[in-house]
Each structure stands twice: as structure tokens, then as C-alpha cells.
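# using only what follows, build the 3D model:
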Amino acid sequence: MSAPLRIGSRAARRLWLHANGLADNPSGAVDVMKTIRQLGFVQLDTIRNVTRAHHHILWSRNRNYRERSLWPFLRGRQLFEHFTHDASLIPMDVLPYWQRQFRRLGAKVSRADWYRSGLAQEDIRRIRERIAREGALSTHAFDTKAESREMWARPPHKKALEQMWYAGELATSHRENFVKFYDLGERVFPAALRQCPGEEKAADWLCDAALDRLGMATVGEVQRFWDAMDAREAKAWSERRDLVPLEVEGADGTWRAAWGVADIETRLAAAEGLSSHLRLLNPFDPAIRDRVRLERLFGFAYRNEMFVPKDQRIWGYYIYPLLEGDRFVGRLELKADRAAGWIQVTGFWPEPGVKWTAQRVAKLDRELTRFGRLAGIADIGWSVPRPA
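Next up is the predicted model:
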């Protein structure tokens, strides 16, 4: 094995931002599918703080993106929806390799669990037959009730729909006002793409695709990219591949072994240029999804506190990291009322050692104005002191 290629901390940060589409000026013609293919998938989220996460993630790569631009690709079968770290939209050409994930997730809940959910197998069969007969239906078409009032309690029919969805028996046909409509998988997934090439080949393809999008990564980071395999499978992949050994410097000056793609040196040379835009990132943005990797590369500690009790939060409910060039310079909390047409900055925390000059504040003002435009909001205000 050749000596590891050493990648300094700044080069590593720039390589990662280029891989995530956050290095160039966020303008030009919008190509939704190209962006999602570059990222691997885009995570969906039900919370609409200003705009939903999937729209924000795509907008961060191109300011000309609009909320209406995404869903035609799901209806047109260029994307399918399934579970990675959460519900996500994935390019349809990944489907053959995703068959193993249908089996993997489908096996997590047995039919015995469905019995315990309050629905007998006959009831589950009727749900499937009704969809087969009537076409795509949402959960609102069924009327079983949850057994408790706990936040995550779901009615029995919802559990059955989701289990069949995890297993690929059902698929998301489309969404209306973000409500998911379930149809038979055989009617949504193209027949030519429903055949798995084999468990090992599928795992290898997914790991290759993950490393291609990561550029440089440990085996654990490759495994976590899709969250579609266990550590043993990812390690076996690394032993079958002729990977480029690396040593990558972290923000704290320490070096760590990693693996790189075959054209890593070409990518490093191409990653020299970097936009100086200040970007408001979503909490679910793929550039910050792996919090350990984020802190190691950028020295930026971040956690999502939406489901943390209020008195235990460090920052707040929905916190947006602020990225300028290859440096995180602060974080914001925003609240919005789209119907009333306003956004308020309700929290602002500069990163230690970052001076908020008039130029940097002007960049933030422009970013907030553009972000408001995505949601159709023009009134941007501050309910906390604005940086001077």
C-alpha cells in the first residue's frame, strides 16, 4: 500500500463543501435532479419553520429554486421516496440497489407486531386490496384510532401502511400539501428497476456511491451515509476495494486515517475556488448531517434541539447554522408566519472569535431577504439585538 495522501484541514473543508454543492455561487439555471444526484438524496421533514427542509436544502444550492419545483419529479417517477436517516427522496436509478433496504427495513417489524397493533391480518389485507382497487390513498382514507395520546402514537392503519411502505409493498405515489399517498409498489416502481443485483453487489454499489459523494471518509462515515447497512458489511466492502489511503487534518490540528476516491487529487485541485457567500443552512442539510464529521472538519459543534425539552436546550428549537466561505460564523433562530407575511430573528449567536463587521452583517441581511422570498415573505425583523 502506498503512503497515505495528507490533506490539510482547509483543503478538507473545501473538498467537502464542493461535494455538497456549497462552493459555487448559488445562482443560474435550476436543475433539481442534478442537485439531488450530487447529494445522493434529499431528506424530507414535516416541520415547516419557514420552509420545509427539503426545499431549503435545494434552495441553498441555487437561490432560483422554488417550492413548486420538487414534486413533479416524484410524480414523474424520476425520484422515489423511502427511508434513509428519515423519509427521503432518492433518484430512481438507485432503486435496484435499494431492494436490500426494502427487505432490511421490512423485516424489522414482523406480522406478529401488526397483530399487536390492533389490526388482524385480514384487516391488513383489506387495506392493500382497497389501494389496489381504488388507487393511491392517503392515511386520511382510513379511520382506525391511535391507542394512546402520546406524541408518537399512530393509529393501527398507519402502522400497517408504513410497514408495507418500508417493505416496498407500498410506495409513495405523490404528495398533496405534503400528505403522503400510498399506492402499490408495482404500480410506482418501474419493472425494469425492481430486480436486485444481489446483496453483496448492492451493498458495494451503495458504499461506492457514498464514498463518491463524500470524497474522503472513514468506513463508518461511508456506512452512515445511506444508513442502509451494518458496520460489518461496510468493512467487508472496504476490504474488497482498492481505496486511496488518506490522512486528513481536523480543525483541531489532529490527523485521522480515512479513504479517498480514485480521483481525489483531481477533486482537491478543483476545490481550490470557493464562493464567499454567507449561507443560512437548514438543520437537516447533508453538509452537517454527520455531526461528528462536522465538528472534526470545521470545529463547529451543532445539535438539533427540536425534540429536546425547552429547559434543556443550549440554543433553541429550530437553529440555522451560518456558513461563510469555509467557516461557520454563527447560528440563528427564526420564527415565521407565512400567512401574516413576517419572519423574526429570535436568536443570534456568533461563533467565538468571529467579528461581525458591517460587511458580514450586510451579507446576512441579504441572505435573510432572499430566504424570505422563497417563502413569499418580505417583512424581516429582529426581536433580539442585531449585530452592529
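
# which parts of the stretch 201-350 of the chain are helices?
Ranges of helices in the stretch 201-350 of the chain, per DSSP state H, counting those that start in this stretch, are 219-226, 231-240, 264-270, 291-298.

# the residue lying closest to residue 286 once chain neighbours are set aside and residue 84: what is the separation?
Leaving aside its chain neighbours, residue 286 sits nearest to residue 39 (5.3 Å; criterion: Cβ to Cβ, 6 or more residues apart in numbering). All C-beta atoms are positioned from the backbone trio N, CA, C, and that covers glycine. Look at residue 39 and residue 84: by Cβ to Cβ, to the nearest Å, they are 11 Å apart.

# ditto for residue 218
For residue 218, the distance to residue 84 - Cβ to Cβ - is 19 Å.

# repeat that for residue 137.
For residue 137 relative to residue 84 (Cβ to Cβ), the value is 25 Å.

# one step back: the residue nearest to residue 286: neighbour count?
Applying other Cβ atoms under 10 Å, we find 21 residues neighbouring residue 39.

# pretty sure it contacts residue 213?
Yes. The criterion here is Cβ atoms under 8 Å, and residue 39 meets it with residue 213 at 6.9 Å.

# who touches the longest strand belonging to the chain?
Looking across the chain with DSSP state E, the single longest strand is strand 327-337. Identification of contacts with strand 327-337 by Cβ atoms under 8 Å, 6 or more residues apart in numbering yields 49-50, 278, 280, 298, 300, 302, 315-323, 342-351, 354, 356, 360, 375, 377.

# how about it as PDB, C-alpha atoms only?
Taking only C-alpha atoms (Å, rounded to 0.1, in the frame of the first residue of the first chain), the coordinates of strand 327-337 have been written out as PDB:
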ATOM      1  CA  ARG A 327     -16.100  28.700   8.000                       C
ATOM      2  CA  PHE A 328     -19.200  28.600  10.300                       C
ATOM      3  CA  VAL A 329     -19.600  32.100  11.700                       C
ATOM      4  CA  GLY A 330     -22.700  31.800  13.800                       C
ATOM      5  CA  ARG A 331     -26.200  30.500  14.200                       C
ATOM      6  CA  LEU A 332     -29.700  31.900  14.100                       C
ATOM      7  CA  GLU A 333     -33.200  31.000  15.400                       C
ATOM      8  CA  LEU A 334     -36.100  32.100  13.200                       C
ATOM      9  CA  LYS A 335     -39.800  32.200  13.600                       C
ATOM     10  CA  ALA A 336     -42.200  32.900  10.800                       C
ATOM     11  CA  ASP A 337     -45.900  33.400  10.000                       C
END
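
# strand partners of that strand, parallel vs antiparallel please.
If you go by DSSP bridges, strand 327-337 pairs up with strand 319-324 (antiparallel), strand 342-350 (antiparallel).

# distance from the chain centre to the last one, please.
Okay, so that is strand 342-350. 23 Å (Cα atoms, centre = their mean, to the nearest Å).

# contacts for that strand, please.
50, 315-316, 319, 329-336, 356, 368, 371-372, 375, 377, 379-387.

# how does it look with 7 Å?
50, 315-316, 329-336, 356, 372, 377, 379-384, 387 (Cβ atoms under 7 Å, 6 or more residues apart in numbering).

# and if you look at stretch 177-188?
Contacts of stretch 177-188 (Cβ under 7 Å, 6+ apart): 46, 80, 131-132, 135-138, 140, 161, 165, 168-175.

# which of the residues you listed count as buried?
80, 131, 136-138, 161, 165, 168-175 (16 or more other Cβ atoms under 10 Å).

# of the residues you listed, which belong to strands?
Short answer: the buried ones among the contacts of stretch 177-188 in strands (DSSP E) are 80, 137-138, 170-175.

# just send those residues back as JSON lines, with pLDDT and distance to residue 3 too.
What follows is these, written out as JSON lines (pLDDT from 0 to 100; distance: Cβ to Cβ, whole Å):
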{"residue": "80", "pLDDT": "98", "distance to residue 3": "42"}
{"residue": "137", "pLDDT": "96", "distance to residue 3": "59"}
{"residue": "138", "pLDDT": "95", "distance to residue 3": "57"}
{"residue": "170", "pLDDT": "96", "distance to residue 3": "51"}
{"residue": "171", "pLDDT": "98", "distance to residue 3": "48"}
{"residue": "172", "pLDDT": "98", "distance to residue 3": "48"}
{"residue": "173", "pLDDT": "98", "distance to residue 3": "52"}
{"residue": "174", "pLDDT": "97", "distance to residue 3": "52"}
{"residue": "175", "pLDDT": "96", "distance to residue 3": "50"}
